[in-house]
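[1] predicted model, plus sequence, below.
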Amino acid sequence: MGQPNVELVRGAYDAFARGDVDAVCAAMKPDVEWDECEGMPYGGVYHGREPIVANVFGPILADVEGFAASPDEILALDDNRVIARGRHGGTGAAGPVDARFVHIWTITDGQVSRYEQLADTRKFCDAVGK
């Protein structure tokens with residue numbers, strides 16, 4: 001069961017890399033819970049696709065030219081959870097973004113039902129000037 005979930009998560013990263021936010025949102029349940037790391041400029045817990053786009057995706061794409069979340073590895077934790085480890089990249093107002101992350105994705109009925117980010121918030125904030 002883990003492999004289809006890994007491919008779903010990999011597809012979300014690929015879609016975001018193409019700038020296809022709609023495809024990322026389509027991979028999520030309408031009532032998805034998105035836990036953006038405390039200390040990030042967009043930190044908080046958001047419920048639903050629209051609040052995620054308005055409070056995370058939109059601002060991050062405005063603040064970071066060429067924003068990327070590039071996983072080094074994506075692994076199944078169990079039948080419902082996938083972990084991705086990698087780096088955020090791009091260029092913020094104060095310089096290059098190069099911050100490590102771990103993302104934990106929960107998949108329910110073939111869609112993302114929960115996402116949790118753990119990240120190097122200091123390096124990210126320093127690069128975006130916030």
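    Ah, there it is. Please read all numbers here as calculations on a predicted model, not as lab measurements.

[2] buried residues, the longest helix anywhere in the chain. List them.
    Counting residues, the longest helix found in the chain (DSSP state H) is helix 2-17. Judged by neighbour count using 16 or more other Cβ atoms under 10 Å, the buried positions of helix 2-17 are 5-6, 8-9, 12-13, 15-16. C-beta coordinates here come from the backbone N, C-alpha and C atoms, glycine included.

[3] which neighbouring elements make contact with it?
    Under the contact criterion of 3 or more Cβ pairs under 8 Å, 6 or more residues apart in numbering; DSSP states H and E, helix 2-17 touches helix 21-26, strand 65-76, strand 81-92, strand 95-108, strand 111-119.

[4] packing partners for the fourth one?
    This points to strand 95-108. Contacts defined by 3+ Cβ pairs under 8 Å, 6+ apart place strand 95-108 against helix 2-17, strand 65-76, strand 81-92, strand 111-119, helix 121-128.

[5] can you give the contact residues for the last one?
    What it means is helix 121-128. Contact with helix 121-128 is made by 37-41, 43, 63-64, 88, 91-100, as judged by Cβ atoms under 8 Å, 6 or more residues apart in numbering.

[6] report the buried members of these.
    With burial judged by 16+ other Cβ under 10 Å, the buried subset of these is 37, 40-41, 43, 63-64, 88, 92, 97, 99.

[7] and these as JSON lines, adding distance to N55 and pLDDT?
    Output for the buried ones among the contacts of helix 121-128, formatted as JSON lines (distance: Cβ to Cβ, whole Å; pLDDT from 0 to 100):
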{"residue": "C37", "distance to N55": "13", "pLDDT": "94"}
{"residue": "M40", "distance to N55": "11", "pLDDT": "93"}
{"residue": "P41", "distance to N55": "10", "pLDDT": "93"}
{"residue": "G43", "distance to N55": "10", "pLDDT": "94"}
{"residue": "D63", "distance to N55": "12", "pLDDT": "93"}
{"residue": "V64", "distance to N55": "15", "pLDDT": "94"}
{"residue": "H88", "distance to N55": "17", "pLDDT": "95"}
{"residue": "G92", "distance to N55": "18", "pLDDT": "94"}
{"residue": "V97", "distance to N55": "19", "pLDDT": "94"}
{"residue": "A99", "distance to N55": "19", "pLDDT": "94"}
